[in-house]
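Undergrad: show me how the following folds:
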Amino acid sequence: MSLGARLREARRAKGFTQKELAQRVGARHNSISNWEKGLNVPGLAVIERLCAVLDVTPNDLYCIGGVPAHAHAPHPPFSTGESEIIRKYRALDAEGKGAVKALLDYYAGRAVASAARGRDMRPERLSGAPVLEVLPGLISTQSVAAGTGTYLDADSFEGITVARNAQTQRAAFYVPVQGDSMEPKFYDGDILMIERTGVKKGEIGVFTLENYGYVKMLGEGELLSLNPDYAPIPMREDILCNGKVIGVLDPEWIVG
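TA: Residues are numbered from 1 along each chain as shown. Coordinates of the predicted model:
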């Protein structure tokens, strides 16, 4: 039985619709359907939320060792190597943990997708359709302001898995937008793709000033908004450029 089939079985056992389960784990409304059909797979962070909501373990969903869904066998003890990895992970800062989670999501997704391709012999799987390639990434848990500034108490990132393409390969990290000062180019709720490079005059970047985050255009000695309702911010020596905005992340590129 595939991961998607076990997920569907566990969801039905709890009496959830696909929409209800998506809301409970914070996924897009069509994500559950795609996972159950085997079109893509959830990342490890989402697997954790699915297991909590459905009252199953990762072993149940991945069927590691042939354990069927809802068969709650006791977890085997960690090996010495696994315990060492956990110790090192706990010693990392938020950005380091986010990077580790992103890599785990990526390689776990590859493993599940590979296993699914080996088991799934439906005609559409044999038609020669290209296999989706994915990349691990980091997304900020704090927004940058397209407005008067969003307070950033510390750098904090979570892992994200995205489809590999020319733009996502350039992105060092992703950050949500809050506010309307960069309309009509960027809107509240957009997720910006950030490249770790300098910003030239006329280009848009992500900047930090006194622990406040902004997305602005670099002008002549000032940071500019595209919305004329917002006044320029004079440049200062302590303004930090975190990178250049290279576009908006399409929600359809988010794999898990």
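
Undergrad: could you use CA atoms for every contact and neighbour count after this?
TA: Will do.

Undergrad: mind listing the strands for the chain?
TA: Taking DSSP state E as the test, the strands found in the chain are 134-140, 144-145, 150-151, 157-163, 173-178, 191-195, 204-209, 212-218, 222-224, 233-234, 240-248.

Undergrad: any low-confidence regions in the stretch 51-200 of the chain?
TA: Across the stretch 51-200 of the chain, the ranges flagged by pLDDT under 70 are 62-79, 102-103, 105-132, 146-155.

Undergrad: looking at the strands of the chain, which is nearest to Phe16?
TA: Comparing the strands of the chain against Phe16 with C-alpha to C-alpha, the closest turns out to be strand 157-163 (25.2 Å).

Undergrad: of the strands of the chain, which is nearest Arg49?
TA: strand 157-163 (14.1 Å).

Undergrad: quick check, distance from the closest one to the centre of its chain.
TA: Centroid separation between strand 157-163 and its chain, computed with C-alpha atoms, centre = their mean, to the nearest Å, is 3 Å.

Undergrad: find the nearest non-adjacent residue to Gly137, please.
TA: Spatial nearest neighbour of Gly137, chain neighbours left out: Ile160 (5.1 Å); criterion: C-alpha to C-alpha, 6 or more residues apart in numbering.

Undergrad: pretty sure that neighbour contacts Pro251?
TA: No: using C-alpha atoms under 8 Å as the test, Ile160 is too far from Pro251 to be in contact (11.8 Å).

Undergrad: and these two? Which one has more around it.
TA: Under the neighbour definition other C-alpha atoms under 10 Å, Ile160 and Pro251 were set side by side, and Ile160 has more, 27 against 11.

Undergrad: and the more buried one, how far from Tyr187?
TA: To Tyr187, Ile160 is 21 Å away according to C-alpha to C-alpha, to the nearest Å.

Undergrad: the stretch 51-200 of the chain: helices as residue ranges?
TA: Assigned by DSSP state H, counting those that start in this stretch, the helices in the stretch 51-200 of the chain fall at 58-62, 80-90, 94-119.

Undergrad: quick one: the spatially most central residue of the chain from Pro136, how far?
TA: For the chain, the residue nearest the mean C-alpha position is Ile160 (2.3 Å; C-alpha atoms, centre = their mean). Ile160 sits 6 Å away from Pro136, going by C-alpha to C-alpha.

Undergrad: sorry, back to before: and the strands of the chain: which comes nearest Arg11?
TA: Nearest to Arg11, of all the strands of the chain, is strand 157-163, at 23.1 Å by C-alpha to C-alpha.

Undergrad: strand 173-178 and the closest one, what's the angle between them?
TA: 100 degrees (axes from the mean of the first three to the mean of the last three C-alpha atoms, to 10 degrees).

Undergrad: bridge partners for Leu192, pull those for me.
TA: Val175, Val248 (DSSP bridges).

Undergrad: one more: Tyr214?
TA: Ala145, Phe207.

Undergrad: count of neighbours near it?
TA: As a burial measure, Tyr214 scores 27 neighbours (other C-alpha under 10 Å).

Undergrad: just confirm it contacts Leu223, I think it does.
TA: No: using C-alpha under 8 Å, Tyr214 is not in contact with Leu223; the gap is 9.2 Å.

Undergrad: residues contacting the closest residue to Leu223 other than its chain neighbours?
TA: Leaving aside its sequence neighbours, Leu223 sits nearest to Ile233 (C-alpha to C-alpha, 6+ apart; 4.9 Å). Counting by C-alpha atoms under 8 Å, 6 or more residues apart in numbering, Ile233 makes contact with 222-224.

Undergrad: and stretch 242-256, which residues are buried?
TA: Using 16 or more other C-alpha atoms under 10 Å as the test for burial, stretch 242-256 gives 242-249, 254-256.

Undergrad: stretch 216-230 too?
TA: 216-219, 222-226.

Undergrad: likewise stretch 162-181?
TA: Buried residues in stretch 162-181, counted by 16+ other C-alpha under 10 Å: 162-164, 168, 171-181.

Undergrad: how much space between the residue nearest to the centre of the chain and Val25?
TA: Distance from Ile160 to Val25, by C-alpha to C-alpha: 15 Å.
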